[in-house]
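Student: generate coordinates for the sequence data below:
(chains A and B)
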Number of protein chains: 2
Amino acid sequence: MASGKEVLERVQWRITVADGSSEVLVPATGLATMAWVRIKGILWGLGLKVWFFLKRACVIGANDPRKVIHCLKVGLALALVSLFYFIKPLYDGVGGNSIWALMTVVLVFETTVGATVYKCINRVFATFLAGFLAVGVHWVAGQSGETLEPYVVGASVFLLASAATFSRLIPSVKSLFDYGAMVFILTFSFVVVSGYRVDKLFELANNRISTIVIGTSLCILVITFVCPIWSGQELHSLIVRNMDKLADSLDGCVTQYFNQSGECTNSMEETGKNLQGYKCVLSSKASEESMANFARWEPPHGKFNFRYPWKQYLKIGSSMRSCAYCIEALNSCINSENQAAKLIKKHVSTGCLKLSSSSSNAIRELAEIVKTMKKSSTIDLLVGEMNSAVQELQNDLKSLPGLWNRSTVPENKTLEATPAVPLMEMIPVMTLASILIEISGQIEAIVDAVEELANRAAFGINNKCKQSEMNEKTEGTVKALQSV
Amino acid sequence: MASGKEVLERVQWRITVADGSSEVLVPATGLATMAWVRIKGILWGLGLKVWFFLKRACVIGANDPRKVIHCLKVGLALALVSLFYFIKPLYDGVGGNSIWALMTVVLVFETTVGATVYKCINRVFATFLAGFLAVGVHWVAGQSGETLEPYVVGASVFLLASAATFSRLIPSVKSLFDYGAMVFILTFSFVVVSGYRVDKLFELANNRISTIVIGTSLCILVITFVCPIWSGQELHSLIVRNMDKLADSLDGCVTQYFNQSGECTNSMEETGKNLQGYKCVLSSKASEESMANFARWEPPHGKFNFRYPWKQYLKIGSSMRSCAYCIEALNSCINSENQAAKLIKKHVSTGCLKLSSSSSNAIRELAEIVKTMKKSSTIDLLVGEMNSAVQELQNDLKSLPGLWNRSTVPENKTLEATPAVPLMEMIPVMTLASILIEISGQIEAIVDAVEELANRAAFGINNKCKQSEMNEKTEGTVKALQSV
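Tutor: The predicted structure follows:
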């Protein structure tokens, strides 16, 4: 480091000399140039940082153009609300209180329609309620005489703010009225406290409410009519996407395990991404919950009616997560150090691959059902196939010891001495198989959850399999298979 | 239902008669009483609901008194800030702008010190930055002539609001400056737009900043000195608590599986709660992340220095979650339909129980290390024990076929005909054992993460095992065991 610095200084010094400046000034110029170099370095670093930041922002914007649209919508709503300042009659109409409309837009505007509507409704009702209460408290305070007034006002602020804050900590209240409680505290303390000073209390309350109503209606108009993003639609797509990811991961893991030396059609990176897809399912609980929460506030839109059973998506999500936990266990079993003997691996590979492919086909069909919102009779067929694959795999496992006795133990050796090693080599494969069987059970739970959704949301029948006879036939097959 | 209603009406009617009112009025009174009964029913229902709600609120408050304290703190801070209205010199000092101080308290006051400090710092800096920018834009707009002024102002609001909103969607910015970006938009649009109308722009900006500084300092004082709740301390306790839960779940699952008919010292409910403890680990990712995020903003407190490696807790949490996924798989393997033969279960039970108890002991010791913030040499010993238990369990598994050959196959039968059934009955036990072995691997990852934390946070040495020789000896044992 030190020698590098020295070299830098010497180079700087030479350049200074080449410039033709006095040689007596060398130390001072050295300092100045050093400082300049430092500053240039810092500026350059800063510039680079800003450049990288902008580049990343561009990538984020290009990956999800809806984010950019959302930003433009916020700008639009704010520019519209600024009109109140520019247009004189409007400005005079609300008595210079347009700040509240502006504030409402900034605080209330969210990415999705549901979240915005939730905040708007909460804001309007909380403001009304708090306004009325504050006027009441102010009247009581006025009756209690001038000395007592500040105490009454102070005590009411303390008590109601504490109570409203407490209500925000109760889960059922929080999910519906969290923002409302905050606005309540704000409006109440503001009106009741300034009521003590400002005499035109009613005018103040009235102005505030009218500007808030203006702000919220503007927000709802912009969010609903300019490229709307619906929480419900987002939740719906998230569930469908996660199902596909689950299917890809399951398929990918098992295929990779059994075909480690086989040909690979996708690039390594893409395969790795597919394999890790189930992790999205593990981590999407919070977003599912908030989306389902906001979707309740949305008007009917697209294919979703009023009172669409959004909560059912949470059940589907939760059973998908149970399945994803098993895939995680499958993954760690695949990556563990104990490797299975090739012979045994080969023996069960057909069964495992068949089960994993039929399982992932069932998940993909479920994704299709949710996506198209049409019931499908194919799913029963696929579940039947999955169950028969489970049966076949179990049969393969049962025949394992026979295989081992026949092929690895020479005829002339005693049986007691040799069996230990092959059994140890069987364990990873058997664990894998039993986790796969467990996963098929989890998939049936997803099937049940999706069927409940289909019933509660009254999904239609898919056109591609109209024949109801086929449906019955499949059910027969499934029952026959399940009774095996 | 209908007959019940009839009875109710008849009873009401008789009472009316007993009151001595005219019998001609019976139908009218009937309607009136019916309405009264309905209203009474609704009121009674409402009252009951409110009563249940209050009861639940009391339970929540009693379970976590800190929530109640938090509410009282909010009330206190608001009452203090109201003083600005009641005390004339203070009120005149900030020119009636105390509304901003009030608003600051409501918007900024959070449950933990870290979250509050984060919001305060964001608010102050964003207000400064936005104020300066707005004054600049206002000056530019003023220079551009009266016709162009509204356009310049409108365009600047649109552009800066869009840009600031976009920055909130970039993860790295969001985690540090989300609230600041919102305040920036609010302040900027407010100052630049009202600058067009209000001529005393500098005074407005100055007043707003001073009231906000007053509000934030008040918040920081109250949150830090009145029963403070620290995000860092919460995160620390959460991790310790989750480790204990993980240990209890692991121990409980395995013990319950092998001692299903054995004596049960705890009540059923408590046992069930213990077994499900690992689910808390699965679901605490989001809260861990937000706590670690806020902990960065906190000053040194308690045992935590400045620049304490909070991010390391996220690593520990993530490796704990990997372990919890395995416990979930263990659980579904235990609850699956295929039951293991008693003989085989008995054969591996000692090994499995030993491994699970040594694993959970290791986790408990890790919890102790994190809790006391003292390094412990016992952990190496416990990891060594765990590894030797893994080895023993593997030996047990190896000897399984021997056992089965000796005890279940009669001498005079052929070997080819019988092995299928016992192998199928072995699978659940072998899966369980291999998941247990997998879990011990995950625990070593947690040990590594905790050791990294201990090194980075410079934990002290625990007094109870001062002898450094013992440490070395243990390391030797561990190495010897690992090399087996």
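Student: for the rest of this, base every contact and every neighbour count on C-alpha atoms.
Tutor: Fine.
Student: which parts of the stretch 301-450 of chain A are strands?
Tutor: Here the stretch 301-450 of chain A has its strands, by DSSP state E, counting those that start in this stretch, at A:374-375.
Student: so stretch A:35-50, near chain B or not?
Tutor: No: on the criterion Cα under 8 Å from any Cα of the partner chain, stretch A:35-50 is out of touch with chain B, staying 12.6 Å away.
Student: return the distance of that stretch from the chain's centre.
Tutor: Put simply, stretch A:35-50 sits 38 Å off its chain's centre (Cα atoms, centre = their mean, to the nearest Å).
Student: same check on stretch A:156-174?
Tutor: Distance of stretch A:156-174 from its chain centroid, counting by Cα atoms, centre = their mean, is 28 Å.
Student: check whether it comes near chain B.
Tutor: Yes: applying Cα under 8 Å from any Cα, one finds stretch A:156-174 in contact with chain B at A:157-163, A:165-167, A:169-170.
Student: now, which of those residues lie within helices?
Tutor: A:157-163, A:165-167 (DSSP state H).
Student: can you show me the helices along the stretch 101-250 of chain A?
Tutor: Applying DSSP state H, counting those that start in this stretch to the stretch 101-250 of chain A gives helices spanning A:113-143, A:149-168, A:171-195, A:201-225, A:231-258.
Student: same list (those helices) but as a markdown table, adding mean pLDDT and mean neighbour count.
Tutor: Below are the helices of the stretch 101-250 of chain A laid out as a markdown table (pLDDT from 0 to 100; neighbours: other Cα atoms under 10 Å in any protein chain shown):
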| stretch | mean pLDDT | mean neighbour count |
| --- | --- | --- |
| helix A:113-143 | 88 | 21 |
| helix A:149-168 | 87 | 21 |
| helix A:171-195 | 85 | 22 |
| helix A:201-225 | 83 | 20 |
| helix A:231-258 | 91 | 22 |
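Student: reformat these as TSV; add distance to B:Gly460.
Tutor: Listed next are the helices of the stretch 101-250 of chain A as TSV, based on distance: least, Cα to Cα, whole Å:
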stretch	distance to B:Gly460
helix A:113-143	48
helix A:149-168	40
helix A:171-195	40
helix A:201-225	56
helix A:231-258	44
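Student: can you count the residues close to A:Lys342?
Tutor: Number of residues near A:Lys342 (other Cα atoms under 10 Å in any protein chain shown) recorded here: 11.
Student: any idea how far it lies from A:Gln256?
Tutor: Relative to A:Gln256, A:Lys342 is positioned 14 Å away (criterion: Cα to Cα, to the nearest Å).
Student: what residues does A:Leu160 make contact with?
Tutor: Going by Cα atoms under 8 Å, 6 or more residues apart in numbering or on different chains, A:Leu160 touches A:185, B:75.
Student: pretty sure A:Pro150 contacts B:Tyr85?
Tutor: No: when contacts are counted by Cα atoms under 8 Å, A:Pro150 is not listed as touching B:Tyr85 (9.2 Å).
Student: what's the domain layout of chain A?
Tutor: A:66-225, A:232-405+A:418-474 (automatic domain parsing).
Student: so can I have CSV of these showing distance to B:Thr224?
Tutor: Shown next, in CSV, are these (distance: least, Cα to Cα, whole Å):
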stretch, distance to B:Thr224
domain A:66-225, 18
domain A:232-405+A:418-474, 30
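Student: nearest to B:Trp230 among those would be which one?
Tutor: Nearest of these to B:Trp230, taken as Cα to Cα: domain A:66-225 at 17.3 Å.
Student: chain center to that closest one, what's the gap?
Tutor: 30 Å.
Student: same question for stretch A:44-62.
Tutor: With Cα atoms, centre = their mean, you get 25 Å for stretch A:44-62.
Student: give me the contacts around it.
Tutor: In contact with stretch A:44-62 (Cα under 8 Å, 6+ apart) are residues A:67-68, B:167, B:170.
Student: that one: which residues count as buried?
Tutor: Of the residues in stretch A:44-62, A:57, A:60-61 count as buried by neighbour count, 16 or more other Cα atoms under 10 Å in any protein chain shown.
Student: likewise for stretch A:305-319?
Tutor: Applying 16+ other Cα under 10 Å to stretch A:305-319 flags A:308-319 as buried.
Student: return the subset of the residues you listed lying in helices.
Tutor: Per DSSP H, the subset of these in helices is A:310-319.
Student: with pLDDT and distance to chain B added, can I get these in a markdown table?
Tutor: Shown next, in a markdown table, are these (pLDDT from 0 to 100; distance: Cα to the nearest Cα, whole Å):
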| residue | pLDDT | distance to chain B |
| --- | --- | --- |
| A:Trp310 | 91 | 21 |
| A:Lys311 | 91 | 19 |
| A:Gln312 | 93 | 19 |
| A:Tyr313 | 93 | 18 |
| A:Leu314 | 94 | 14 |
| A:Lys315 | 94 | 15 |
| A:Ile316 | 94 | 17 |
| A:Gly317 | 94 | 14 |
| A:Ser318 | 92 | 12 |
| A:Ser319 | 93 | 13 |
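Student: widest-spaced pair of the residues you listed?
Tutor: Top of the distance list for these (Cα to Cα): A:Trp310 and A:Ser319, 15.1 Å.
Student: next, find the distance separating the nearest residue to A:Tyr118 once chain neighbours are set aside from A:Cys227.
Tutor: Leaving out its chain neighbours, the residue that sits closest to A:Tyr118 by Cα to Cα, 6 or more residues apart in numbering or on different chains is A:Trp297, at 5.9 Å. Per Cα to Cα, A:Trp297 is found 18 Å from A:Cys227.
Student: could you do A:Gln143 as well?
Tutor: If you go by Cα to Cα, the gap between A:Gln143 and A:Cys227 works out to 53 Å.
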